[in-house]
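K.L.:
let me see the structure of the following:
(4 chains)
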Number of protein chains: 2
Amino acid sequence: MKLSTKGRYGVMACYDLACHHGDSPVPLKAIARRQGISPGYLEQLIGHLRRAGIVRSVRGPQGGYVLARSPDEITVGDIIRVLEGPIAPVECVSQDPGDFRHCGRTEGCVTRPVWEKLRDSMVRVLDSITLKDLLDEGGRE
Amino acid sequence: MKLSTKGRYGVMACYDLACHHGDSPVPLKAIARRQGISPGYLEQLIGHLRRAGIVRSVRGPQGGYVLARSPDEITVGDIIRVLEGPIAPVECVSQDPGDFRHCGRTEGCVTRPVWEKLRDSMVRVLDSITLKDLLDEGGRE
DNA sequence: TATAATTCCTAGCGGTTAACTAGGCATCAT
DNA sequence: ATGATGCCTAGTTAACCGCTAGGAATTATA
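P.N.:
As a prediction, the model looks like this:
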């Protein structure tokens, strides 16, 4: 029941970009250094975020990455979904049709409501926290 | 962010035992057959549940397993913790000292509060649902 | 125009875990 | 004494995680 580093690194990287929102593009190396992430690995992760429209890239010298939307329009859930897949403790309660898989057990599976409640509570938390919230918090503490 | 089959199978097996609570011991094979779980694999899982004091075993013919406590005293969280480990999306917010691991990043890690909120909401859901709740629900639906 | 800083892409790799299977031993009602 | 059951450990296959490697494309700047 653990997140992989993908999700964590992704959130950290996006937080880093949020800190520099409005500035010139942030090179990947700088993010990797500040957040303590292997640059090569982060490159793969940020590629997903780019293709998902969460960050934008600028190539060439002085290039780097910027958030594609403002920090208050990007939730932690958005990032997690890109890097970890649908937020669902088991496939049979996935809200993404591509990920959903019927467990094939007796109809009226008794345990499914448990996983649905768990999923809902996870989604509620992750979709309620924006990068802006993290910025504000970082400033206060 | 998925549960493994361990947790799911464990809850299903315990639900099966709850259905027969008060009766004579339920042989592992019967549980495995009804729940569609590989008997050999379930044997390993139920071994953990036994050592954790959630189920009791009776050896010999007519033997099998029974719940060690009544269904309203066993939560889904109890079962998950035995089979999946501490309920924590990342190790640095694990409430189990053995599992906890400091991420070693800059102090005042900005993302930790996110994982703490997520953990709390997961724990709240899983610890609030007992096997009795599943029984009642199975009866109604 | 040449250089170098950057992003982009894909392949591979070593380690770990998941989900079993296999096989043998211990217990004990009948 | 038998056979049904639980108990234990060691394998096995496949997938995935967290990287590393190496090169191609882009482009600001000297």
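K.L.:
DNA strand C versus the residue lying closest to A:A88 once chain neighbours are set aside, what's the distance?
P.N.:
Residue nearest to A:A88 in three dimensions, not counting chain neighbours: A:S94, with 4.0 Å by Cβ to Cβ, 6 or more residues apart in numbering or on different chains. Where C-beta positions appear, they are placed from N, C-alpha and C, glycine not excepted. Using Cβ to the nearest atom of the strand, to the nearest Å, one gets 15 Å for the distance from A:S94 to DNA strand C.
K.L.:
tell me which parts of chain A are close to DNA strand C?
P.N.:
A:25-29, A:40, A:43-44, A:46-47, A:50-51, A:57-65 (Cβ under 7 Å from any atom of the strand).
K.L.:
list only buried entries from those.
P.N.:
Buried residues within these, defined by neighbour count using 16 or more other Cβ atoms under 10 Å in any protein chain shown: A:25-28, A:46, A:64-65.
K.L.:
max pairwise distance over these: which two?
P.N.:
Farthest-apart pair in these is A:P25 and A:I46; separation 12.0 Å (Cβ to Cβ).
K.L.:
okay, now the unreliable bits of chain A?
P.N.:
A:104-108, A:138-141 (pLDDT under 70).
K.L.:
anything in contact with each of A:P25 and A:I46?
P.N.:
Taking Cβ atoms under 8 Å, 6 or more residues apart in numbering or on different chains as the contact rule, A:P25 and A:I46 both touch A:Y65.
K.L.:
just the buried residues of the host helix or strand of A:A32, please?
P.N.:
Taking DSSP states H and E as the definition, A:A32 sits inside helix A:28-35. By 16+ other Cβ under 10 Å, the buried positions in helix A:28-35 come out as A:28, A:31-32, A:35.
K.L.:
next: stretch A:75-84.
P.N.:
Buried residues in stretch A:75-84 (16+ other Cβ under 10 Å): A:75-84.
K.L.:
and for stretch A:81-99?
P.N.:
By neighbour count on 16+ other Cβ under 10 Å, the buried set for stretch A:81-99 is A:81-94.
K.L.:
and those residues as TSV, adding secondary structure?
P.N.:
Below are the buried residues of stretch A:81-99 laid out as TSV (DSSP: H, G, I helix; E, B strand; the rest coil):
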residue	secondary structure
A:R81	helix
A:V82	helix
A:L83	helix
A:E84	helix
A:G85	coil
A:P86	coil
A:I87	coil
A:A88	coil
A:P89	coil
A:V90	coil
A:E91	helix
A:C92	helix
A:V93	helix
A:S94	coil
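K.L.:
for the residue positioned nearest the centre of chain A, what are phi and psi?
P.N.:
By Cα atoms, centre = their mean, chain A has its centre lying nearest to A:I79, at 1.7 Å. Taking degrees, to the nearest 10, you get phi -70, psi -50 for the backbone angles of A:I79.
K.L.:
got the residues of chain A near chain B?
P.N.:
A:1-3, A:7-8, A:11-12, A:15, A:35-36, A:76, A:80, A:84-85, A:87-91, A:104-105, A:108, A:110-111, A:113-115, A:117-118, A:121-122, A:124-126, A:129, A:134, A:137-138, A:141 (Cβ under 8 Å from any Cβ of the partner chain).
K.L.:
can you pull out the helices in chain A?
P.N.:
A:5-19, A:28-35, A:39-51, A:76-84, A:112-128, A:131-140 (DSSP state H).
K.L.:
and the second one, how far from the chain's centre?
P.N.:
I take that to be helix A:28-35. Taking the mean of its C-alpha atoms, helix A:28-35 sits 17 Å from the chain's own mean (Cα atoms, centre = their mean, to the nearest Å).
K.L.:
which elements pack onto it?
P.N.:
Other elements packing on helix A:28-35 under the criterion 3 or more Cβ pairs under 8 Å, 6 or more residues apart in numbering or on different chains; DSSP states H and E are helix A:5-19, helix A:39-51, strand A:64-67.
K.L.:
which outside residues touch stretch A:58-76?
P.N.:
A:11, A:14, A:17-18, A:20-21, A:24-28, A:30-31, A:46, A:50, A:53-57, A:126-132, A:134-135, B:114.
K.L.:
re earlier: to A:G98, which of the helices and strands packed on helix A:28-35 lies closest?
P.N.:
If we rank the helices and strands packed on helix A:28-35 by Cβ to Cβ, the stretch that ends up nearest is helix A:39-51, at 15.5 Å.
K.L.:
close to DNA strand D, is the closest one?
P.N.:
Yes: applying Cβ under 7 Å from any atom of the strand, one finds that helix A:39-51 is in contact with DNA strand D at A:39-41, A:43-44.
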